[in-house]
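S.K.: this one's structure only:
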């Protein structure tokens, strides 16, 4: 199937307006593995699995590919979830695996854009206080 360049831009979300490919977690140096999956006839999604690299910090607000439907950050050593960190994936995100980190704090509204999230694994973290505001935006 041949995609018009503008259509490919909208479907894949991988090319900037200037024609350059912005950096993502799928680039070398981040120790993330990205697998593509056809989610429908006109939509390709990414499963992104990241492993920690000493001295490399993930800036999810800038590096998360917008078509990420499954993000696995299990055992990554995260200590908090802040508002906006997953917003690039937004409605595309269906599964978010954050198990076995050191998460002690979740910002209110961190999941607000994830209206299609089906699986959220926060097991084996350091959460002592859980409020409903932490999960604002989740429907399922």
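M.R.: That came in fine, so what should we check first? Every value quoted in this text rests on a predicted model; they were computed, and no experiment measured them.

S.K.: drop to CA atoms for contacts and neighbour counts, all remaining ones
M.R.: Will do.

S.K.: which residues in the protein form strands?
M.R.: 32-40, 43-50, 68-72, 80-81, 95-97, 105-106, 119-121 (DSSP state E).

S.K.: Strand partners (parallel or antiparallel) of the second one?
M.R.: I take that to be strand 43-50. The strands that strand 43-50 pairs with in its sheet are strand 32-40 (antiparallel), strand 68-72 (parallel) (by DSSP bridges).

S.K.: Next: the fifth one.
M.R.: Strand 95-97 pairs in its sheet with strand 68-72 (parallel), strand 119-121 (parallel), by DSSP bridges.

S.K.: contacts for that strand?
M.R.: The contact list for strand 95-97 (Cα atoms under 8 Å, 6 or more residues apart in numbering) reads 69-74, 117-122.

S.K.: Now a PyMOL select for only the buried ones of the residues you listed.
M.R.: Filtering the contacts of strand 95-97 down to the buried ones (16 or more other Cα atoms under 10 Å) takes a single PyMOL command:
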select buried, resi 69+70+71+72+73+74+117+122
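
S.K.: The contacts of strand 95-97 into TSV, with extra columns for distance to residue 25 and pLDDT?
M.R.: Shown next, in TSV, are the contacts of strand 95-97 (distance: Cα to Cα, whole Å; pLDDT from 0 to 100):
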residue	distance to residue 25	pLDDT
69	14	95
70	13	96
71	11	96
72	12	97
73	12	95
74	15	95
117	20	94
118	22	94
119	21	95
120	20	96
121	20	97
122	21	96
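
S.K.: Which residues belonging to stretch 91-109 are considered buried?
M.R.: Going by neighbour count (16+ other Cα under 10 Å), the buried part of stretch 91-109 is 91-103, 105-106, 108-109.

S.K.: Same check on stretch 128-140?
M.R.: The neighbour-count check on stretch 128-140 (16+ other Cα under 10 Å) flags 134-138 as buried.

S.K.: Ok, stretch 79-93 next?
M.R.: Buried residues in stretch 79-93, counted by 16+ other Cα under 10 Å: 81, 83-93.

S.K.: No further queries at this time; thank you.
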